[in-house]
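In: Task: produce atomic coordinates for the following.
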Amino acid sequence: MSIPSLTLNLAVISLLLLGFSTATVRYELINYQIGLTLFSFAGLLSLISIGASALFTRRTTSVQGRRKLNSAAFIALPAILFLSLSLFRGAGAPLINDVSTNTQQPPKFLKAPDLRGPADNSLTYMGTNIALQEQAYPHIKTYQSPLSLVESQNLSFKIASEMGWLVYYQQKGHIEAQTRSFWFGFIDDIVIQIQANDAGALIDLRSASRLGKGDFGANAQRITAFLETFSLNEQTDIAKAATPTQF
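Out: Prediction:
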């Protein structure tokens, strides 16, 4: 088999592996670790194809051969892009899968244990997470809101829904939801705890992945995005309440 043909075949295999690994993990047809291995292998084949295309295109004399090499580079691009994006997003993230604004007394999940299978991660908060989280995400702390407990809970529910989270349990001062990752559909559980105090309400969040030892920083990013959105909406609500009604 000629180098252009081999390169094109590797590119096609990388694209097929990319789709296969994604679909089988998302629909739980194979173990996610096998799926991630196939995903990484797809990226490796993609890299080889693109490298071979760059190396041999100018050296190939036949028009058909150059076309195959150019096609290979184009077909192989998605696998290497998605693998690179995954690695970039997770760069520097600690090997933890459970992040909380309160590491000393993390919010407890009430309903999530019923939704998890025996192969899923435990919801017991690990003390070893504390030092790793504080070093990587020192900004993730309990949030003090001037809003009342009821107002804070209503706003929390609103933001969770707008962020695409599926709220599956709620009681006074407590919200639980889940969300799926875009590519593989990995499920993470989120709990929001709201406690009234003299200054308004304390907001704590905890986000925990059902699968995997590490989360590539997804749980921390999720909590950060929620609290930033909460703060912006909170300020808007306060400003509206302070604005006198015009008659």
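
In: I'd guessed residue 8 sits against residue 69; true?
Out: Yes - under the criterion of C-beta atoms under 8 Å, residue 8 makes contact with residue 69 at 7.4 Å. From N, CA and C alone the C-beta is placed, and that goes for glycine too.

In: Count the neighbours of residue 232 for me.
Out: 11 (other C-beta atoms under 10 Å).

In: Work out for me the element it sits within.
Out: Assigned by DSSP states H and E, residue 232 belongs to helix 218-242.

In: Give me the distance from that helix to the chain's centre.
Out: 19 Å (C-alpha atoms, centre = their mean, to the nearest Å).

In: List the buried residues for that helix?
Out: 218-224, 226-227, 229-230, 233-234 (16 or more other C-beta atoms under 10 Å).

In: Return the list of helices and strands in contact with that helix.
Out: If contacts are counted by 3 or more C-beta pairs under 8 Å, 6 or more residues apart in numbering; DSSP states H and E, helix 218-242 sits against strand 98-100, strand 143-145, helix 149-162, strand 187-197, strand 200-209.

In: most tightly surrounded among those?
Out: When you average the neighbours per residue for each of the helices and strands packed on helix 218-242 (mean count of other C-beta atoms under 10 Å), strand 98-100 leads with a mean of 25.

In: ok, residue 199 touching residue 146?
Out: Yes - Residue 199 is in contact with residue 146 according to C-beta under 8 Å; the separation is 6.6 Å.

In: Among these two, which residue is more densely surrounded?
Out: More crowded of residue 199 and residue 146, by other C-beta under 10 Å: residue 146, with 13 against 9.

In: Nearest residue to residue 38 in space, ignoring adjacent ones along the chain?
Out: residue 21 (3.9 Å; C-beta to C-beta, 6 or more residues apart in numbering).

In: Touching, that neighbour and residue 35? I think so.
Out: Yes - using C-beta under 8 Å, residue 21 is in contact with residue 35, at 4.7 Å.

In: Looking at the two, which is more packed in?
Out: residue 21 (24 against 20).

In: Show me the shaky parts of the protein.
Out: The chain contains residues with pLDDT under 70 at 241-247.

In: remind me, longest helix of it?
Out: helix 63-90 (DSSP state H).

In: angle of it against helix 218-242?
Out: 60 degrees (axes from the mean of the first three to the mean of the last three C-alpha atoms, to 10 degrees).

In: and helix 63-90, which residues are buried?
Out: Per 16+ other C-beta under 10 Å, helix 63-90 contains these buried residues: 65-66, 68-69, 71-73, 75-80, 82-83, 86.

In: Next, the contact list for the residue nearest to the spatial centre of the chain, please.
Out: In the chain, the residue lying closest to the centroid (C-alpha atoms, centre = their mean) is residue 218, at 3.8 Å. Residue 218 is in contact with 89, 181, 188, 207, 209, counting by C-beta atoms under 8 Å, 6 or more residues apart in numbering.
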